[in-house]
Each structure stands twice: as structure tokens, then as C-alpha cells.
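K.L.:
Sequence and computational prediction follow.
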Amino acid sequence: MDRQLSYPFYIHLGQHFVSDFLIWMPIYAWFLSPITLIFLQVALIAAAGIVLYFLARHYLSVPLSVMIVASYYGANGVIDPTLGKFYEQCQIPLFIFSLLLALEKQRCPLFWLIAVFKLGTREDAGISLFGIGAYLIVSRSYPRVGIALCALSYGFCCCKLLIRLLLLSTRATHLL
């Protein structure tokens, strides 16, 4: 074996542009190492558990809140990716739990800021936000917020699809 690194056949940012990586870029620029990405991933997952605790404490007792957070940290869907490679999905729990906590605490500007951050995580980020918006409409707890969130996420998905299909696709260059 020649002990050389193999390079991927595609560029990840060409497939998945994750604008939220720009938030964490100063940390990586300060400590330029692959280990920094692992620590960042673990910190994001740990921070999501802390936010989940405060969200659970909004309605539940301390023992139940601790059990919910323990089950979050012990879930295969959390442990396996955290121990694996750095991936953009590690920030999704933090943004979703923060979004729900901001909603429950009625911090409107923070809610919308986190919703925008959530849209920067993946191409399909609008789907989960649309689900939260639909729940807010159906439950009648915050129907106006739910309609606005559904409109934002639907618009995001449509724009992302248009940009991806028309501007980034090599097969669609004849359409431009």
C-alpha cells in the first residue's frame, strides 16, 4: 500500500452547498485540523441535548427531562453519526430544538433567525420546517406563524430546486 490519500470523484459542495458551514468556519480556520471538525460535531450534538433539556423543562419535571435527554444522547441516530465522519446533519438537532424552544418562549425574532439557519443546513431543510408549520396550523396554537413557516419553507424548496436544476445542472445548460 502506498499510504496516499484517495480523493473523491466528486466535490461535496457541488452536490450539497451548506451555507451554515460559514457559521462554523472561523472555528475551523482558527484550529485547522480534521480533529476540529470532530470536536465541533460533538459540541453541536451536546449543545442540542442541552437545548432539548430546557425545552423539556418547559413542560415536564426534572427527572422526565433528564430521561428524555439521556434517551437523545443514547439513540443510535445520534451516536453513530457523531462517532463517524463530519457531516452537515450534526447541526440539525440544535437548530430544530432551538427553534421549538424559541417558539415556546415566544421569542419571535430568534425563532425566525433559527428558521433561516435551519434552511441553510440541507437542500431538504424546508421539509422539516414545513412539517412544524403544518403542526402549528393544525394544532391551532400559532396558526399565523405556521402559515408563514409553511410559506417560507415551500418558497425555499422551490427556489432551491430551481437554482439546482437550472443553474447548477450540467445537463440543463442548454436551457440558459
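P.N.:
Cool, got the structure.

K.L.:
contacting residues for the residue positioned nearest the centre of the chain?
P.N.:
Most central in the chain under CA atoms, centre = their mean is I92, positioned 2.5 Å from the mean C-alpha point. When the contact criterion is CB atoms under 8 Å, 6 or more residues apart in numbering, the partners of I92 are 118, 121-122, 125, 128. For glycine as for every other residue, the C-beta is placed from the backbone atoms N, C-alpha and C.

K.L.:
any idea how far it lies from P34?
P.N.:
Here I92 is placed at a distance of 21 Å from P34 (CB to CB, to the nearest Å).

K.L.:
One more: G74?
P.N.:
Noted for G74: a distance of 26 Å to P34, by CB to CB.

K.L.:
P81 now?
P.N.:
Computed as CB to CB, the P81 to P34 distance reads 16 Å.

K.L.:
out of the two, which sits in the busier spot?
P.N.:
For P81 against P34, the residue with the higher neighbour count under other CB atoms under 10 Å is P81, and the figures read 15 against 9.

K.L.:
And what about the more buried one, helix, strand or coil?
P.N.:
helix (DSSP: H, G, I helix; E, B strand; the rest coil).
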